[in-house]
Each structure stands twice: as structure tokens, then as C-alpha cells.
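Chemist: Below: sequence and its predicted model.
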Amino acid sequence: MADDLEFVKMHGAGNDFIMISDLAEAFDGSRDLISSLCAPHRGIGADGLILLRASAEADFRMRYFNRDGGEADMCGNGARCAALFAYNSGLAGKSMVFQTNAGKVEADITHDGVRLLLGEVNDLRLNIELEDLEAKAGFAVCGVPHAAVLDEAGSGWSGDEFLSWARAIRHHRAFQSAGTNVNLVTVISKHNLQYRTYERGVEAETLACGTGAAAVAVITSHMHLTASPVSCLTSGGDVLLVEFEQRPGGAVNCRLTGPAVTTFRGRLSIGDFIPSPSAN
């Protein structure tokens, strides 16, 4: 792996990512390296790192790594950033198809953001009793697992209070062995909700979660509280639009529309983050 590395920093509704074009598959970063690059204060700082690689079956392949360096199957906000990054890099046109570990994703660059066809939301479960937490949760998978708990009053919890509560659900026995992302949801009207998300792998609250928006929109629709389309207000103040066709066990033709923004471009030296073997 070359020591110098060009990258682009992007965010989708405040969910921020390190973007790397890796068509030659020269980046072979360890979990420790990716975690160091994503670390706030001491690294570039990001919720995750995304590699764009060549694909024989689509315009490109997206590999997504969480802040802790572990690879995840899908990230909705990251996928929108990947689509815009590919378009700006000349890897794809305004309409594209790309591979993820969760399957193929279709994307369209629009005048005000990116629209994704995520496909299915499945494995729906409702009214999961979390007795020790005195709560009930819904659950669905949109590439990655999501639990959703209703907060009818609109929580005024501090960040620390939310983290403590969410971590207990993230590791709850009802969602083992993989664990789950956690969403606290307030339904505002039939087509509007607001939510805040604790992301597995980031192990913190993020300003937005794209797959989380899709999951909570579908879960609340099965609770007869919302119906497609659903505008989801994120913790960061952005709105993600979720459209879907409800089906038993989840939904099909799920679409996610929202912003994707390039923040800055840079070059780094890998040796500044992980010592080279010659230094030992």
C-alpha cells in the first residue's frame, strides 16, 4: 500500500465519511488503521470510511467500514455519498447501479441530493418486550439491523442519558448475537417523524442514519402510525425522505432521498497513523 493517500471528506445529513477511490485495490487498511483515520481529534474524524472499487457487475462496488474499523454490509447515508463521489469522479453517470455487501443499490443524482433504491426492509418484529428497560421495541433490517422505540412525548434527554439508554438496547439479549442499531422515534403526523440514532460500530449517537430512517419509517407504518412517504427529521436538522411499499414482514421498493455534500479534499501519509514495519 502506497504511503501517500488521497481522500475526500463527505457527509450525508451530517453522517460523515472518508471517501477513497481504490479501483486498483491498493488500500489494504487494517482495522486499527481505519479506526485511527476515523478517530475524532487525532485522525481525520468520521463516522466511517468508504472504499470505491471496480465491479464487473455494476458501475462500482462500495465497501463500508464503521468508525471502529469493522466492515458493515450497508450504510444509507454513506451510499448516497458514494454515489455522488462516483459521479464527480467520472465512475458513473447520474443514474447508476453499485454493489454493496447487502446487495445492489440503484442511485440517481438529483438537483438537491441523491435518491437511492434500497430495495427491501425485512425481518420485521413488533412489540418486543425489553422488560428490564420497561420498553417495547420494533425491529427491522435495512441492510443492517435496527431497533426502534417510540417516544411519544419527544425526549429531552441529554446526550449522556441517551447513550446510556441506547447502549443497553444495542447489547440487549433480544438482539444478540449481532446486536443492533438503536433509534428513538417521535411520530409527528402520518407522514412526518423525528428520530435520533445510536449506531453500532460507531458506538455513539450520530447526526443521522439513512438505513435507520428507512427502518423506523417501515416499523411505524406497520404500527399504523405512519404511511409512505415519510419525512424523517434527523438529530442534525436534515430531512430524509423514505418511500416504500408496505408488505407483510417489512416493505419493498424502499427509496431514500437526502443530501450528500463534499466537505474537503486532502492527502495523508499512512505512516503518520500506523508505524511502518521499518520503524520497529
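Modeler: Cool, got the structure.
Chemist: what ranges do the helices span in the stretch 101-250 of the chain?
Modeler: Here the stretch 101-250 of the chain has its helices, by DSSP state H, counting those that start in this stretch, at 159-170, 210-222.
Chemist: Adding mean neighbour count, write the ones you listed out as CSV.
Modeler: Yep, even glycine has a C-beta here, placed from its N, CA and C like the rest. Converted to CSV, the helices of the stretch 101-250 of the chain look like this (neighbours: other CB atoms under 10 Å):
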stretch, mean neighbour count
helix 159-170, 16
helix 210-222, 28
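Chemist: could you dump those helices to TSV with mean pLDDT and distance to Gly236?
Modeler: Output for the helices of the stretch 101-250 of the chain, formatted as TSV (pLDDT from 0 to 100; distance: least, CB to CB, whole Å):
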stretch	mean pLDDT	distance to Gly236
helix 159-170	94	13
helix 210-222	98	12
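Chemist: Turn those into JSON lines, including distance to Arg67.
Modeler: JSON lines is the format used below for the helices of the stretch 101-250 of the chain (distance: least, CB to CB, whole Å):
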{"stretch": "helix 159-170", "distance to Arg67": "14"}
{"stretch": "helix 210-222", "distance to Arg67": "16"}
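Chemist: Quick one: closest of those helices to Gly201.
Modeler: Nearest of the helices of the stretch 101-250 of the chain to Gly201, taken as CB to CB: helix 159-170 at 10.1 Å.
Chemist: and that closest one, how far from the chain's centre?
Modeler: 18 Å (CA atoms, centre = their mean, to the nearest Å).
Chemist: Likewise for stretch 144-156?
Modeler: For stretch 144-156, the distance to the chain centre is 17 Å (CA atoms, centre = their mean).
Chemist: Repeat that for stretch 260-275.
Modeler: Using CA atoms, centre = their mean, the offset of stretch 260-275 from its chain centre is 20 Å.
Chemist: Out of the helices of the stretch 101-250 of the chain, which gets nearest to His111?
Modeler: Nearest of the helices of the stretch 101-250 of the chain (CB to CB): helix 210-222, 19.2 Å.
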